[in-house]
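1. Got a predicted structure plus its sequence, pasted below:
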Amino acid sequence: HLATSLPLPSERDHLRPRIDLIAFMIDIKSKHSLKNVEASLTHVDASFFLGKVCFLVTGVGRVNYCSIDMNAIWKLREVYCSPVLFCELELEGMRVATAQRLLRMLQICAGHVPGVSALCFGSLMRHSADD
Amino acid sequence: ENADPQRTAFLLRKQWTLYSVTPMYRFSSAHLRHYARLLSAFIAAEKQKGLAVEIGVELDIKVAVSSLPDLKGSNQDQAAILVQLSSRSPASQKNSEEKLIWSGWFCCVSGDDFSQNIPEDFTCLPLFLANGAECYTSIVGSWFQKTFDCLFRRLAISPLNLSWMAAMWTGCKVDKTASAVELVFSVPRLPQPLDISYAIHPEDAKALWATVHKTPGEITQEEVDVFMDCLYSHFHRHFKIHLSATKLVKVSTAIASAHCEGIIKFLQSQYLTGVLMLLTELAISQIQ
């Protein structure tokens, strides 16, 4: 399901399936997309931040189009304890690899992988932050 | 700033295309005249091959290479090197005027951290600025690359860096009536290219920056963000357009103007070294 911002319209709440993973997309070329994501984050229930949220930063192939300071991205990762994935949508290989990663994450978040839960993402994050 | 305004006046109000240059091997500022002769011979040879030149014009090209000792930040910086190409039509007498057709200069302003870490035989002049026909920039660049084993690359300026320039330069004091602060944005993903030009009265811009800038002597990313966000919200309130979703491509202020393709124009000699310091930093990050 794709949405341009949160919260999702309440009219469709009863028709909506359970949400297992939220991937927030930030276009490094657009400051506006960062602001949008920051505003949308406030509408997400705290329980999602136990491994069911990730940030997908796109447009990273071209450094000279960068409109967002990377420190702002790192701050999101830190504050929301959620992983950041980087992707250049225009490169097919990268697009496919990123989609596969997201799918794998989704399988784990939906409980389809025995022995691994979404909480693992959080502990992985904390571990790498301590290094 | 210690640059003598008289001697650097010729650098102002000209459009300079920016390049980053990797450290040059066995370059010596004691051999500038020799380099001028070698470069001159190289250009003549390229002309023979039919590569040099502006079509239809038979020009005798004279090369001058000199040093600009005023353009540096600290004593560790290498003095700037200026290359000038002048032409004289061969049909005229020896007293005929020479016309300057191309200029290029290498410089390093406050590049201490970088220059201190390079090996002995290398000279650190990471910023190159060129004005004149591209064919000459190409020839001069090739000669330097071949002779000193260095690499030239166009230096692009990201929207993030342009917004720093907008904030920093807005805060600079100018004597005469300042010109407007102008920001140009390019709107992506449209069938027809569209540019939005946003001009702000210099006093308003300065007043805004004064309320945002709290730390004397230093500028933080937050301050630049708040400054730009104020400008964006003001625009949005009037035109319902989110400038933050577009690409900032050009910034013009009273002291300088910069374009994302790596083009700069210096307008005030007292801030020349300051702007060069920022550009040197950008060139060094592109090299590293």
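-> Received, thanks. Numbers count the residues shown, from 1 in each chain, chains lettered A, B, ... in the order given.
2. Flag every residue of chain A that's near chain B.
-> A:29-33, A:35, A:63-69, A:71 (C-beta under 8 Å from any C-beta of the partner chain). Heads up, the C-betas are built off the backbone N, CA and C, glycines and all.
3. So among the residues you listed, where is pLDDT lowest?
-> Lowest pLDDT within the residues of chain A next to chain B is found at residue A:63 (73).
4. what kind of secondary structure is residue 120 in?
-> Assuming you mean chain A. helix (DSSP: H, G, I helix; E, B strand; the rest coil).
5. residues contacting it?
-> Residues counted as contacts of residue A:120 (C-beta atoms under 8 Å, 6 or more residues apart in numbering or on different chains) are A:51, A:108.
6. any idea how far it is from residue A:82?
-> According to C-beta to C-beta, to the nearest Å, residue A:120 stands 13 Å off from residue A:82.
7. what does residue B:104 give?
-> Distance, residue B:104 to residue A:82, by C-beta to C-beta: 49 Å.
8. same thing with residue B:8?
-> 51 Å.
9. out of these two, which sits in the more crowded spot?
-> residue A:82 (23 against 18; other C-beta atoms under 10 Å in any protein chain shown).
10. quick one, what contacts the more buried one?
-> Neighbours of residue A:82 in contact, by C-beta under 8 Å, 6+ apart: A:49, A:51, A:53-55, A:76, A:121, A:125.
11. 6 Å instead, please
-> For residue A:82, the contacting residues are A:53-54, by C-beta atoms under 6 Å, 6 or more residues apart in numbering or on different chains.
12. Also residue B:245?
-> Listed by C-beta under 6 Å, 6+ apart, the contact set of residue B:245 reads A:30, A:32.
13. Identify the residues contacting stretch B:15-26?
-> For stretch B:15-26, contacts defined as C-beta under 6 Å, 6+ apart pick out B:118, B:121-124, B:126, B:128-131, B:148-155, B:262-265, B:283, B:286-287.
14. Narrow the residues you listed to those that are buried.
-> B:122-124, B:126, B:128-131, B:148, B:150, B:152, B:155, B:262-265, B:283, B:286-287 (16 or more other C-beta atoms under 10 Å in any protein chain shown).
15. Please flag which of those residues sit within helices.
-> For the buried ones among the contacts of stretch B:15-26, the ones inside helices are B:148, B:283, B:286-287, with DSSP state H as the criterion.
16. quick one: which of those is nearest chain A?
-> The closest of these to chain A turns out to be residue B:286 (C-beta to the nearest C-beta; 8.8 Å).
17. Who is the residue lying closest to that closest one once chain neighbours are set aside paired with across the strands?
-> In this structure, residue B:286 finds its nearest non-sequential neighbour in residue B:20, 4.2 Å apart by C-beta to C-beta, 6 or more residues apart in numbering or on different chains. Here residue B:20 sits in beta bridges with residue B:127, residue B:153, going by DSSP bridges.
18. Residue B:20 and residue B:125: what is the separation?
-> In terms of C-beta to C-beta, residue B:20 sits 10 Å off from residue B:125.
19. Repeat that for residue B:22.
-> As judged by C-beta to C-beta, residue B:22 and residue B:125 stand 10 Å apart.
20. Same drill for these two, tell me which one is more crowded.
-> residue B:125 (27 against 21).
21. That one reaches residue B:108, doesn't it?
-> Yes: with contact defined as C-beta atoms under 6 Å, residue B:125 and residue B:108 form a contacting pair (5.1 Å).
22. any common contacting residues for the two?
-> Counting by C-beta under 6 Å, 6+ apart, the residues touching both residue B:125 and residue B:108 are residue B:78.
23. okay, and for chain A, where does confidence drop off?
-> Counting by pLDDT under 70, chain A has low-confidence residues at A:125-131.
24. for it, what spans make up the helices?
-> A:31-41, A:70-80, A:92-109, A:119-130.
25. Are there helices or strands packed against the second one, and which ones?
-> Secondary-structure packing of helix A:70-80 (3 or more C-beta pairs under 6 Å, 6 or more residues apart in numbering or on different chains; DSSP states H and E): no helix or strand packs against it.
26. distance of the nearest residue to residue A:118 once chain neighbours are set aside from residue A:82?
-> Distance criterion C-beta to C-beta, 6+ apart; nearest residue to residue A:118, sequence neighbours excluded, is residue A:51 at 3.2 Å. From residue A:51 across to residue A:82, the span is 8 Å (C-beta to C-beta).
27. residue contacts, residue B:181?
-> B:170, B:200, B:202, B:205, B:253.
28. Show me the beta-bridge partners of the second one.
-> This points to residue B:200. residue B:181.
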